[in-house]
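> Sharing a model that was predicted from the sequence below.
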Amino acid sequence: MADQRSILEFAILFLLFQSAFGQQVPLSSGTELIALYNLRSSLGLRSKDWPRKVDPCSQWAGVQCQNGRVVGINISGFKRTRLGRQNPQFSVDALANLTLLATFNASGFLLPGSIPDWFGQRLGALQVLDLRSCSVIGSIPSSLGNLTTLSSLYLSDNRLAGIIPTTLVQLSRLSVLELSQNSLTGPIPSSFSSLVNLTFLDLSSNFLSGPIPPALGTLSNLQILNLSSNSLSSPIPVQLGDLSQLVDLDLSSNSLSGSFPSDLKGLKRLKKVVVGNNFLVGTLPENLFSSLTQLQYLALNGNNFSGSLPDFLWSRPELRFLDISNNNFTGIIPSLSSNANATTAVFNISQNQFYGTLTSLIGRFSSIDLSSNYFQGQVPATLRNVSLRDNCLQNVEKQRSLEDCRSFYARRGLSFDNFGVPNLAQPPLSGQSQKSNKQLKYILAGVFGGLGFIVLLVFVIIMILRTCQRTVVAQRGIGVGPVPAGGSTPPAGVSINFSNLGEKFTYEQLLRATGDFSDSNMIKHGHSGNLFRGMLEGGIPIVIKRIDVRSLKKDSYMVELDLFSRVSHTRLVPLLGHCLEHENEKLLVYKYMPNGDLSSSLFRKTNSEDDSLQSLDWITRLKIATGAAEGLSYLHHECTPPIVHRDVQASSILLDDKFEVRLGSLSEACSQEGDTHQNVITRLLRLPQ
């Protein structure tokens, strides 16, 4: 009897221990163990992360188990083996046998290929699917709508195309939907109003068109709404004023029209509003900002707003960022110094029609741009972080002409008082002299700005590469050879996986996209082929490299195809597809980069009458330098064998709509066998050792 009691007590203690520490129970399913080993093999995961002959539940990084069954896999940030890096693919068929899998996170792990259709049929327990920055191609499978337990879907920063499937409205538990930075087309489904649990919706940086569905106003739990950088049209729906939980609203860089709806005044929790670069008109509602007591970030730039700004806006103590530049606002600014947090605030009210005098307290701001207005009077010479050009101020360089200022004030029945001090702006130069001075200013600005940026770029690249080189083990020999090249059929020893190279276009498709490669669509003559802009039938802008193989000493297009079949990274220009059907002419299709290349973006012309040059700010320049260094570091240290770009220059650093770097001009790339400890400058400039 005592023995039975002891056994019973032990059993109870064991069950309590197992219940309290359920996550430590070893993997109990042989099928799931085989599935994990198959997944380890197909993805080329390192034994350091998933070692053999140990329990995956307790000793495999990123594997989460519950009661001896796999419920979560997180391979974000993992690196592949050398063999796995040579031909990465979306090979995750083994997941189909993990029937209780609730979370799959592969963000940042390269999975070039399409999302399998069986995801929506075999992963019925999935709650979180995270494939951000995985280089996924193809369309979003409509079968994902069958994942009724899904709460979070992250597919941003990939190469997805096609429309947003309406079947996603079946995901009644969905709280996060992030599809930004892809090439999605078509309208936003109005049936999204059925996603009543949605708190985060980001569809930005795609090619979506049509109106913003008014039905989105029924998403009562929505906190983040980002529809920026698309081709959406129509006015801003007044129904968005019903989103009582909304904190962040970004509708910038579309084709929205109409006025700013006063109905948004009911959004008491709103902290960020961005509607810049649209076609909005009219005056701002007077009582709008008095009710938005938590507003911290407001961007109305690049529209056609007019009238005066509500006085209450200037005194908002929470407001840290204000950009109303490039509008037609006018009037006297009440008191910029009334903002209690001015020392940390950034204001840009340039290129409007504000006037009146300024006080010395504007120097309290972290940064304030007052340029291209009609402010008059005198300002202290000790002001810092203040841009004042193209106004009517005295003792300040680069101001408007005296005639311009007098005319502006006269039209409003006001007197222009220059305190008896002659305006520093000189009468316009006549003829060739004026033109020569303008050209000289542009040349000097370009030379010094370009030199400064190049120095910064080289410094950042050297520092990052030095850091990376400390971790690289010296290899045998020194040799730099080209990536194997050949005709459209790869030579012996070179295997190009065309499934990783995007869509196979027909020659007729690309002829229509470029208007028969018309001169008006030519961007420039490249050393490896001519570049043309084009537009696919779905409205997707593209860039096509047209290569005449008869004029080249080697098949440079095969270099790029071989490279893109083996590597993929967010810092490389996305290859959308190819056309190799012609014997003497090969076509490569890339994603369009709205901001061109670095050489054209360092200094670009504005739309103002003086035809001046607008320089990139230094924060953006640093961002570009860092992005270029990250791309080169990936090629040099994360590819096996390492790859040397060999054509790094301003024209090969491409910039997307957010000035993120994408490295192009990869036709000169070379694989490097042996010692990676070579001189950095030698590798960049293609000099012999």
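Yes, it's here.

> mind giving me the domain ranges of the protein?
For the chain, the domain assignment from automatic domain parsing gives the residue ranges 326-422, 435-685.

> Which of the ones you listed has the lowest mean pLDDT?
Taking the average pLDDT of each of the domains of the chain, the minimum falls on domain 435-685, with a mean of 70.

> number of nearby residues for residue 551?
9 (other Cβ atoms under 10 Å). C-beta coordinates here come from the backbone N, C-alpha and C atoms, glycine included.

> Could you measure from it over to residue 51?
In this structure, residue 551 and residue 51 are 53 Å apart, going by Cβ to Cβ, to the nearest Å.

> Also residue 644?
For residue 644, the distance to residue 51 - Cβ to Cβ - is 34 Å.

> Measure how buried the closest residue in space to residue 251 that isn't next to it in sequence is and give me the count.
The shortest distance from residue 251 to any non-neighbouring residue, by Cβ to Cβ, 6 or more residues apart in numbering, is to residue 275 (5.0 Å). For residue 275, the tally of surrounding residues (other Cβ under 10 Å) stands at 23.

> which one of residue 644 and residue 51 has more residues nearby?
residue 644 (23 against 13).

> who does the more buried one bridge with?
On the basis of DSSP bridges, residue 644 is bridged to residue 670.

> Same check on the one 10 residues further on?
When assigned by DSSP bridges, residue 654 has beta-bridge partners residue 597, residue 662.

> show me the residues around it that make contact.
573, 593, 596, 597, 598, 661, 662, 663, 664 (Cβ atoms under 8 Å, 6 or more residues apart in numbering).

> among those residues, which ones are buried?
Listed as buried from the contacts of residue 654 are 573, 593, 597, 598, 661, 662, 663, 664; burial here means 16 or more other Cβ atoms under 10 Å.

> for those residues, which one is nearest residue 269?
Nearest to residue 269 among these: residue 661, at 35.0 Å, using Cβ to Cβ.

> Test my guess that the closest one contacts residue 628.
Yes: contact criterion Cβ atoms under 8 Å: residue 661 and residue 628 qualify, at 5.1 Å.

> just the helices in this protein please.
2-20, 30-43, 56-59, 82-86, 119-122, 288-291, 311-314, 402-411, 431-469, 507-514, 556-566, 598-601, 618-637, 680-685 (DSSP state H).

> Count the neighbours of residue 589 for me.
Close neighbours of residue 589, defined as other Cβ under 10 Å, add up to 25.

> same question, the one 10 residues further on
Using other Cβ under 10 Å, residue 599 has 14 other residues around it.

> same question, residue 407
Neighbours of residue 407 under the rule other Cβ under 10 Å: 12.

> Can you give me the distance of it to residue 129?
61 Å.

> Same check on residue 285?
From residue 285 to residue 129 the distance is 41 Å (Cβ to Cβ).

> The two: who's more crowded?
Using other Cβ under 10 Å as the criterion, residue 285 and residue 129 rank with residue 129 on top: 21 against 17.

> residue contacts, that one?
With Cβ under 8 Å, 6+ apart, residue 129 has these contacts: 104, 119, 144, 147, 150, 152, 153, 154, 155.

> Derive a ChimeraX selection command for the buried subset of those residues.
Applying 16+ other Cβ under 10 Å to those, the buried members can be selected in ChimeraX as follows:
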select :104,119,144,147,150,152,153,154,155
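
> Go through the contacts of residue 129 and say which is closest to residue 365.
Distances from residue 365 to these, taken by Cβ to Cβ, are shortest for residue 154, at 37.1 Å.

> Could I get the full set of strands for the stretch 51-200 of the chain?
Ranges of strands in the stretch 51-200 of the chain, per DSSP state E, counting those that start in this stretch, are 63-66, 69-74, 103-105, 113-114, 128-130, 136-138, 152-154, 159-163, 176-178, 183-186, 200-202.

> which stretch among those strands comes nearest residue 310?
Among the strands of the stretch 51-200 of the chain, strand 200-202 comes nearest to residue 310, with 29.0 Å by Cβ to Cβ.

> Direction included, what does that closest one pair against?
strand 176-178 (parallel), strand 224-226 (parallel).

> That one: how far from the chain's middle?
Strand 200-202 sits 15 Å away from the centroid of its parent chain (Cα atoms, centre = their mean, to the nearest Å).

> List of residues touching it?
For strand 200-202, contacts defined as Cβ under 8 Å, 6+ apart pick out 156, 175-180, 192, 216, 219, 222-226.

> So which of the residues you listed wins on neighbours?
residue 222 (26 neighbours).

> That one and residue 199 touch, don't they?
Yes: using Cβ under 8 Å, residue 222 is in contact with residue 199, at 6.1 Å.

> who touches both of these two?
Common contacts of residue 222 and residue 199 (Cβ under 8 Å, 6+ apart): residue 245.

> now the buried ones among the contacts of residue 654 as TSV including distance to residue 308?
Formatted as TSV, the buried ones among the contacts of residue 654 follow (distance: Cβ to Cβ, whole Å):
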residue	distance to residue 308
573	45
593	39
597	41
598	39
661	40
662	42
663	46
664	46
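
> any idea which of those is closest to residue 526?
residue 664 (9.5 Å).

> Pull the contacting residues for the closest one.
For residue 664, the contact set (Cβ under 8 Å, 6+ apart) comprises 573, 590, 597, 652, 653, 654.

> which of these sit farthest apart?
Distances among those were taken as Cβ to Cβ; the most separated pair is 590 and 653, at 14.2 Å.

> isn't residue 393 right up against residue 380?
No: using Cβ under 8 Å, residue 393 is not in contact with residue 380, being 11.1 Å away.

> So for stretch 108-127, what gets flagged as buried?
108-113, 115-116, 119-120, 122-123, 126-127.

> Widest-spaced pair of those residues?
112 and 127 (25.5 Å).

> Any buried residues in stretch 270-284, and which?
Here stretch 270-284 shows 270, 271, 272, 273, 274, 275, 276, 277, 278, 280, 284 as buried, counting by 16+ other Cβ under 10 Å.

> same check, this time on stretch 308-326
Using 16+ other Cβ under 10 Å as the test for burial, stretch 308-326 gives 309-310, 313-314, 316, 319-326.

> Show me how far it is from its chain's centre.
That offset, for stretch 308-326, works out to 27 Å (Cα atoms, centre = their mean).

> Quote the end-to-end distance of that stretch.
Taking Cα to Cα, to the nearest Å, the first and last residues of stretch 308-326 lie 14 Å apart.

> And stretch 254-267, by the same measure?
Using Cα to Cα, the end-to-end distance of stretch 254-267 comes to 22 Å.

> gap between the nearest residue to residue 306 once chain neighbours are set aside and residue 309?
Counting by Cβ to Cβ, 6+ apart, residue 306 lies nearest to residue 328, which is 4.3 Å off, once chain neighbours are set aside. Separation of residue 328 from residue 309 (Cβ to Cβ) stands at 12 Å.

> swap in residue 264?
Distance of residue 264 to residue 309, computed by Cβ to Cβ: 16 Å.

> ok, which stretches of the stretch 451-600 of the chain are strands?
Listed in chain order, the strands found in the stretch 451-600 of the chain under DSSP E, counting those that start in this stretch are 478-482, 503-504, 522-525, 530-535, 541-548, 575-579, 585-591.

> in its sheet, what does the last one sit against?
Strand 585-591 has the following sheet partners, assigned by DSSP bridges: strand 541-548 (antiparallel), strand 575-579 (antiparallel).

> With distance to residue 359 as extra columns, can I get those strands in a markdown table?
Below are the strands paired with strand 585-591 laid out as a markdown table (distance: least, Cβ to Cβ, whole Å):
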| stretch | distance to residue 359 |
| --- | --- |
| strand 541-548 | 47 |
| strand 575-579 | 54 |
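
> Looking at these, which one is packed in the most?
Mean neighbours per residue, mean count of other Cβ atoms under 10 Å, is largest over the strands paired with strand 585-591 for strand 575-579, with a mean of 22.
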